[in-house]
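Novice: 3D, please:
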Amino acid sequence: MNPIDQLLTRIAQQHLRIDTLETRKSDGLDFHDVAVWGVREALEAAFNAGVEQGKKQALQQARKATKSESSNG
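Specialist: Okay, the predicted model is just below:
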């Protein structure tokens, strides 16, 4: 399972009480009744995870640019 799938599964488990996001070909297992506040919490968790990932990537790019500038100058 790739890191994004792992993150989304963890969010579904924590906020929606859904064990897996894998299709199991059973209505009883693949469809869930969830409260709107749970959906909101899950969406917020996914958004916040994306923001954090964006910050990490921006920091990595800034470090690369700083390294490149210092080696050229």
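Novice: What is the neighbour count of residue 12?
Specialist: 20 (other CB atoms under 10 Å). No exception for glycine: its C-beta is placed from N, CA and C like everyone else's.
Novice: One more: residue 8?
Specialist: 17.
Novice: now do residue 38
Specialist: Residue 38 - counted by other CB under 10 Å - has 17 other residues nearby.
Novice: Repeat that for residue 34.
Specialist: Neighbours around residue 34, by other CB under 10 Å: 13.
Novice: any idea how far it lies from residue 10?
Specialist: 16 Å (CB to CB, to the nearest Å).
Novice: ends of stretch 21-30, how far apart?
Specialist: Using CA to CA, to the nearest Å, the end-to-end distance of stretch 21-30 comes to 8 Å.
Novice: any weak-confidence spans in the chain?
Specialist: Counting by pLDDT under 70, the chain shows low-confidence ranges at 73.
Novice: What are the buried residues along the helix ranked longest in the chain?
Specialist: In the chain, with assignment by DSSP state H, the single longest helix is helix 36-72. For helix 36-72, the neighbour count (16 or more other CB atoms under 10 Å) marks 38, 42, 45-46 as buried.
Novice: Helix, strand, or coil at residue 21?
Specialist: coil (DSSP: H, G, I helix; E, B strand; the rest coil).
Novice: can you give me phi and psi for it?
Specialist: phi -100, psi 10 (degrees, to the nearest 10).
Novice: Also the one 3 residues further on?
Specialist: Summarising the backbone geometry of residue 24 under the convention degrees, to the nearest 10, its torsions are phi -120, psi 10.
Novice: heads up, I number from 4, so please use that
Specialist: Taking 4 as the first residue, the last one we looked at is residue 27.
Novice: Hmm, it is touching residue 33, no?
Specialist: Yes - with contact defined as CB atoms under 8 Å, residue 27 counts as touching residue 33 (5.7 Å).
Novice: Between these two, which has more neighbouring residues?
Specialist: residue 33 (13 against 10).
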